[in-house]
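S.K.: The sequence and its predicted three-dimensional model are supplied below.
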Amino acid sequence: MKTKSLRIGTESLIQHSLLLDQVILPRHPPDWPIPLNLTLGLKEFLIIEGLTPAGAQELLSLAATLQFPTQGRVRYWGQEPAQGSRPELYRLRRRIAYISPGQVLLGRLTVVENITLPARYFQQRTMKEIVRDYSDLIERLELTPYFSCYPAELPADIYSRVLWACALIKKPELILAAPFSSPITLKNNHLILSLLRDYREQHRGAVLLAGPDLQAARPLADRLLRLQAGRLTEIRVPGHAAPPVTPYLSFL
């Protein structure tokens with residue numbers, strides 16, 4: 001793969017799903033560029049490699065939970081959380097799926113209760129209706145046998161799949177994930193990659209994956225960035241059929 005160092009650029013006029021502008025993370029990883037600028041296209045699939053699991057989780061947590069950075073601004077679909085009311089923030093969070101090893105399921109709810117909770121709460125639908133409408137997702141993740149289990153009873157790989165089911169059942173427009181940290185199993189990777197491939201091919205939204213090594217997901221990426229010696233370098237993906245929505249990323 002051919003590499004090219006990124007240069008500072010101006011904000012693209014093309015619509016974006018996520019914009020980090022001059023951001024410094026609250027718990028800044030020592031090898032992370034300061035400050036951080038990132039524009040993620042509306043339907044773009046972006047991979048950032050070379051982060052520690054803790055660094056990936058810190059970056060994605062900032063973007064997914066609408067936290068305020070130590071410095072800079074964060075925008076989603078042109079909106080700034082700092083200017084939004086509580087109902088507006090709730091609506092914004094519902095458009096974002098966040099999956100990382102630091103996330104937990106609600107321990108007092110069964111698997112089926114955890115999976116269906118968002119739609120039951122926000123859409124006032126019954127559990128039976130939700131399970132029926134999302135049966136394909138549930139079956140692909142092979143979760144039906146675990147419906148009556150509580151999170152503490154689940155094997156680690158099944159626990160991870162339930163987190164993905166909870167996120168994808170929201171029909172998110174932006175996926176932020178550290179997907180191949182622990183637990184790593186070949187079957188889990190295969191199932192998750194299959195879901196991400198469908199998400200991308202159906203143009204359902206943007207995806208940002210971050211972590212130490214995401215080689216298995218590279219064939220899906222519009223762009224690949226690698227953190228090396230405190231610099232983010234763009235790795236060209238040869239022969240990729242779908243160019244990114246935003247042609248350049250601006251990084252220091």
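M.R.: Okay, I see it.

S.K.: OK, contacts around residue 119?
M.R.: 125, 130, 169, 170 (CB atoms under 8 Å, 6 or more residues apart in numbering). Where you see a C-beta, it was placed from the backbone N, CA and C, and this is true even at glycine.

S.K.: In contact with the second one, which residues?
M.R.: This means residue 130. 115, 116, 119, 120, 169.

S.K.: JSON lines for these, including distance to residue 103, pLDDT and secondary structure?
M.R.: Output for the contacts of residue 130, formatted as JSON lines (distance: CB to CB, whole Å; pLDDT from 0 to 100; DSSP: H, G, I helix; E, B strand; the rest coil):
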{"residue": "115", "distance to residue 103": "14", "pLDDT": "93", "secondary structure": "helix"}
{"residue": "116", "distance to residue 103": "17", "pLDDT": "92", "secondary structure": "helix"}
{"residue": "119", "distance to residue 103": "18", "pLDDT": "78", "secondary structure": "helix"}
{"residue": "120", "distance to residue 103": "19", "pLDDT": "81", "secondary structure": "helix"}
{"residue": "169", "distance to residue 103": "15", "pLDDT": "90", "secondary structure": "coil"}
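
S.K.: Confirm residue 132 sits in a helix?
M.R.: Yes: using DSSP: H, G, I helix; E, B strand; the rest coil, the assignment for residue 132 is a helix.

S.K.: Tally up the residues packed near it, please.
M.R.: Neighbour count for residue 132, taken as other CB atoms under 10 Å: 10.

S.K.: Next: residue 212.
M.R.: Residue 212, neighbours per other CB under 10 Å, totals 15.

S.K.: Quick check: residue 195 vs residue 89, distance?
M.R.: 27 Å (CB to CB, to the nearest Å).

S.K.: Helices of this protein, start to end?
M.R.: For the chain, the helices defined by DSSP state H occupy 53-64, 86-93, 111-123, 127-133, 135-140, 156-168, 186-201.

S.K.: And the contacts of residue 119, which is closest to residue 58?
M.R.: residue 170 (22.7 Å; CB to CB).

S.K.: contacting residues for the nearest residue to the closest one once chain neighbours are set aside?
M.R.: Leaving aside its chain neighbours, residue 170 sits nearest to residue 118 (5.4 Å; criterion: CB to CB, 6 or more residues apart in numbering). Residues near residue 118 by CB under 8 Å, 6+ apart: 94, 166, 169, 170.

S.K.: For burial, what's the neighbour tally of the third one?
M.R.: Using other CB under 10 Å as the criterion, residue 169 is surrounded by 19 other residues.

S.K.: again with the first one
M.R.: For residue 94, the count of nearby residues is 14 (other CB under 10 Å).

S.K.: Quick check on residue 195 and residue 89: which one has the bigger neighbour count.
M.R.: Legend: neighbour count by other CB under 10 Å for residue 195 and residue 89, higher for residue 195 (19 against 13).
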